[in-house]
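Visitor: Here's a sequence, model it:
(one chain, ligands or ions: 1)
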Amino acid sequence: MSGRIMAIAAHPGDGLFTMGATVARQIERGGAGTFLSLSVGEKGAPKNIPVRQYGEMQRAATEKSTRLLGAGSIILPYPDAEIPFNDESTMRVCDAIREFKPDVIVTHWNGSWHKDHQNCHLIVHDAIFYAGLDTLERKQPAYTVAKTYYAENWEDATNFQPDTYLNISPVFQKWMEACDFYPMWRGQTGFFRYNDYYSSLAVMRGCLSGFHHAVALMADAGQRTERLESL
Ligand SMILES: [Zn+2]
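Guide: Numbering: from 1, shown residues only. Below is the predicted model:
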């Protein structure tokens, strides 16, 4: 696949760390990619940095990392930890989908402890439905997304069952550099070692799939059904 891909995440870190390599690979293969974050992730601020200032640091990191990958970036202004799942947020994401026209969407799996991640999953599910609904009039005409995948995320691990392995070897280093713009990547803002976890995960998924580095994705249930005349 080398078409258009849109990564939709609750927070910029989720977008870059769990979906970034997938987007980078698509772009490297001649496609186009964009990241949409529902919030700027400002409430992940460490104690010594005010929330507003941390939000600006997150925004700056997102600009640099998406530019490095040659991707677009949209950050919606919903408050971190309070991302609403309602018609307004769903329509906004629907409009972004109709605008960008992705062949593939990658987003959060719903087995998450984090309410923003759960809401993002629900918002994207309904936004894809609304985007493809001919009779729903918006600024842009209806658009049907061909495929949806869920990203592997340490916070969304409940019942995550990967079925799709993507070779990210050619973009691994670039993706690592893109992630490194975020202070949280190397654990400067909290306890979790994102860099060690996601770089090791890419090695582990690579071992299982026969690639040097890989990401594991979970296809939406609707596209796992095969319709055959015979086996
Ligand atoms: Zn998150």
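
Visitor: which stretch of helix or strand covers A216?
Guide: strand 214-219 (DSSP states H and E).

Visitor: Strands along the protein, start to end?
Guide: Using DSSP state E, the strands of the chain run over residues 4-9, 32-37, 72-75, 104-108, 147-151, 164-167, 214-219.

Visitor: So R205 sits against A216, correct?
Guide: Yes. Between R205 and A216 there is a contact at 4.6 Å, judged by CB atoms under 8 Å. All C-beta atoms are positioned from the backbone trio N, CA, C, and that covers glycine.

Visitor: Where is the longest helix in this protein?
Guide: helix 51-69 (DSSP state H).

Visitor: Write out the residues of this protein neighbouring the ion.
Guide: A10, H11, D14 (CB under 5 Å from the ion).

Visitor: Nearest to the ion: which residue in the protein?
Guide: Closest residue of the chain to the ion, CB to the ion: H11 (3.7 Å).

Visitor: pLDDT wise, what is that residue at?
Guide: What the model reports as pLDDT for H11 is 98.

Visitor: repeat for Q188
Guide: Here, the pLDDT recorded for Q188 equals 87.

Visitor: Now it. Nearest residue, chain neighbours left out?
Guide: Nearest non-adjacent residue to Q188, counting by CB to CB, 6 or more residues apart in numbering: P46, 7.4 Å away.

Visitor: Check the contact between that neighbour and G187; I expect there is one.
Guide: No. Applying CB under 8 Å as the test, P46 and G187 come out as separate, 10.5 Å apart.

Visitor: In terms of neighbours, single out the busier of those two.
Guide: G187 (14 against 11; other CB atoms under 10 Å).

Visitor: measure the residue lying closest to the more buried one once chain neighbours are set aside to E137 for me?
Guide: Once flanking residues are discounted, G187 sits nearest to R193: 4.9 Å by CB to CB, 6+ apart. Taking CB to CB, to the nearest Å as the measure, R193 falls 48 Å from E137.

Visitor: Can you give me every residue that contacts the closest residue in space to G111 that isn't next to it in sequence?
Guide: What sits nearest to G111 in space, not counting adjacent residues and going by CB to CB, 6+ apart, is T158, at 3.2 Å. T158 makes contact with G111, S112, W113, according to CB atoms under 8 Å, 6 or more residues apart in numbering.

Visitor: thinking again about what came up before, pLDDT score assigned to the residue nearest to G187?
Guide: 96.

Visitor: Then the one 4 residues further on?
Guide: pLDDT, Y197: 98.

Visitor: wait, isn't it in contact with E155?
Guide: No. Assessed by CB under 8 Å, Y197 is found out of contact with E155, at 10.8 Å.

Visitor: out of the two, which sits in the more crowded spot?
Guide: For Y197 versus E155, neighbours defined as other CB under 10 Å are more numerous around E155 (18 against 13).

Visitor: Now that one. Nearest residue, chain neighbours left out?
Guide: H114 is the one closest to E155 (CB to CB, 6+ apart), at 5.2 Å.

Visitor: gap between G3 and A157?
Guide: Note on G3: its distance to A157, by CB to CB, is 29 Å.

Visitor: what about those two, which has more around it?
Guide: Using other CB under 10 Å, the more surrounded residue of G3 and A157 is G3, with 16 against 12.

Visitor: who touches the spatially closest residue to the more buried one that is not a sequence neighbour in this structure?
Guide: The spatial neighbour of G3 that comes closest, neighbours along the chain excluded (CB to CB, 6+ apart), is D103 at 3.5 Å. Contact analysis of D103 by CB under 8 Å, 6+ apart lists M1, G3, R4, I5, V145, A146, K147.
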